[in-house]
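> no FASTA, just this:
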């Protein structure tokens with residue numbers, strides 16, 4: 001393979017990756033509690049987004065498949081102060097191109113902001 005052909009293949013791969021990143025739906029998790037999120041998971045029909053640990057004030061975004069089915073996001077957040085917040089909030093469907101949602105965790109509640117930025121307080125079970 002010549003250098004010109006290899007450069008072309010690499011350029012196409014980079015373009016395809018960028019298109020994938022832009023079009024994939026994503027969930028952001030923002031820790032606004034006074035504690036570290038020790039474990040943060042948001043579930044979809046076909047899997048789970050694992051955010052790991054987040055310090056107070058830290059946020060992280062993860063993308064998921066356009067083919068995730070339909071349903072509600074399920075969440076499980078374990079804080080370093082021994083609080084566990086779990087529940088369901090918001091919904092997702094197949095082919096939601098470039099959808100962006102945010103889950104904000106405080107000490108006592110979880111707030112979900114949909115793609116339009118409209119916030120909703122989630123009904124959480126606090127353990």
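Received the coordinates, thanks. It should be emphasised that the depicted structure is a prediction, and the values quoted were computed from it without experimental measurement.
> CA only for contacts and neighbour counts going forward, please
Will do.
> all strands of this protein, in order?
Assigned by DSSP state E, the chain shows strands spanning 26-31, 37-44, 47-50, 59-63, 71-79, 84-92, 100-105, 110-113, 119-121, 124-126.
> which of those has the lowest average pLDDT?
Lowest mean pLDDT of the strands of the chain: strand 124-126, a mean of 82.
> Now do residue 40 against residue 67, distance only.
According to Cα to Cα, to the nearest Å, residue 40 stands 22 Å off from residue 67.
> more crowded one of the two?
Neighbours per residue, other Cα atoms under 10 Å: of residue 40 and residue 67, the larger number sits with residue 40, 22 against 13.
> Spatially central residue in the chain, please.
The residue lying closest to the centre of the chain (Cα atoms, centre = their mean) is residue 27, at 2.4 Å.
> and that one, what is it in contact with?
Neighbouring residues of residue 27 by Cα atoms under 8 Å, 6 or more residues apart in numbering: 61, 62, 63, 100, 101, 102, 103.
> re earlier: now render the strands of the chain as CSV, adding distance to residue 2.
Listed next are the strands of the chain as CSV, based on distance: least, Cα to Cα, whole Å:
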stretch, distance to residue 2
strand 26-31, 38
strand 37-44, 44
strand 47-50, 40
strand 59-63, 35
strand 71-79, 48
strand 84-92, 45
strand 100-105, 41
strand 110-113, 49
strand 119-121, 53
strand 124-126, 58
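> right, and the ones you listed - which one's nearest residue 9?
When the strands of the chain are compared by Cα to Cα, strand 59-63 sits nearest residue 9, at 24.7 Å.
> coming back round to it: ranking the contacts of residue 27 by neighbours, who comes first?
Counting neighbours by other Cα under 10 Å, residue 103 comes out on top of the contacts of residue 27 with 25 neighbours.
> related to what we said a few turns ago, which among the strands of the chain is found nearest to residue 5?
Nearest of the strands of the chain (Cα to Cα): strand 59-63, 30.9 Å.
> Mind giving me the packing neighbours of that closest one?
strand 26-31 (3 or more Cα pairs under 8 Å, 6 or more residues apart in numbering; DSSP states H and E).
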